[in-house]
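> A predicted structure for the sequence below; I have some questions about it.
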Amino acid sequence: MNKFIEQYYPLLLSFVGLVVMYLIDSSFLKRIDFKELIGSTLVVFSVILGFLLTITTLLHTIENKKMLIIKQTETYPRLVDFLKQAVYLSLIISFLSLIIPLFKNMNVNFKFEPKLFVLCFKYIYLFLLFFTSFCTIRFINIFLSIISDKKK
């Protein structure tokens, strides 16, 4: 895969996904049960975070042909960067999913329209959810191709 595409496709797909979702049905957010989504996100990305942290230790012990080539061609730092990005994004989305319910019933006097703030926050949360998912998928695909060293 092209290095540029490999680097930026999670960002691009996340943005395009939100734009398409808005253009197809701008009232889509009203039908999403964010309480359920946030709870599910917390569970799923907490598990993914544990999985990625386990892979962090395994990555240093893999010694197959593909891994040797990756280390010789100096693409290993990029692989580690993809792993770090997936770990940190999973940590952030898990943390957000943990603290968002704490702010649900707060009475805060906004100097701007609170409905607009909530709407923007929902779009930002969905973007982060998509972005985290695509970054995690990107790393897992690369990792699976490394560990599936097929003998010909």
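Everything's here; your move. Note that the structure is a prediction, hence the values are computed from the model and not measured. Residues are numbered from 1 along each chain as shown.
> pretty sure Pro101 sits against Ile38.
Yes: if you go by C-beta atoms under 8 Å, Pro101 and Ile38 touch, sitting 6.7 Å apart. Backbone N, C-alpha and C define where each C-beta goes, glycine included.
> when the two are compared, which one has more neighbours?
Neighbours were counted for Pro101 and for Ile38 using other C-beta atoms under 10 Å; Ile38 has more, 19 against 13.
> and the helix or strand of the chain with the lowest mean pLDDT, how far out from the chain's middle?
Scoring the helices and strands of the chain by mean pLDDT, DSSP states H and E places helix 28-31 at the bottom, with a mean of 81. Taking C-alpha atoms, centre = their mean, to the nearest Å, one finds the center of helix 28-31 at 21 Å from the center of the full chain.
> which residues are contacting it?
With contact meaning C-beta atoms under 8 Å, 6 or more residues apart in numbering, helix 28-31 is reached by Met21, Tyr22, Leu119, Lys122, Tyr123, Leu126.
> OK, contacts around the residue nearest the centre of the chain?
Among the residues of the chain, the one closest to the centroid is Thr132, at 0.7 Å (C-alpha atoms, centre = their mean). Residues in contact with Thr132 (C-beta under 8 Å, 6+ apart) are Phe45, Ala86, Leu89, Ser90, Ile92, Ile93.
> roughly how far apart are it and Thr41?
Distance of Thr132 to Thr41, given as C-beta to C-beta, to the nearest Å: 9 Å.
> okay, now the unreliable bits of this structure?
1, 104-114, 149-152 (pLDDT under 70).
> in the host helix or strand of Phe127, what counts as buried?
Secondary structure assignment for Phe127, by DSSP states H and E: helix 114-147. For helix 114-147, the neighbour count (16 or more other C-beta atoms under 10 Å) marks 125-126, 128-136, 138-140, 142-143, 146 as buried.
> okay, buried residues for whichever strand or helix holds Gln7 please.
In the assignment (DSSP H and E), Gln7 maps to helix 3-24. For helix 3-24, a neighbour-count test (16+ other C-beta under 10 Å) marks Tyr9, Pro10, Leu13, Ser14, Gly17, Leu18, Met21 as buried.
> now swap in stretch 93-106 and tell me
So stretch 93-106, judged by 16+ other C-beta under 10 Å, has buried residues Ile93, Ser94, Leu96, Ser97, Ile100.
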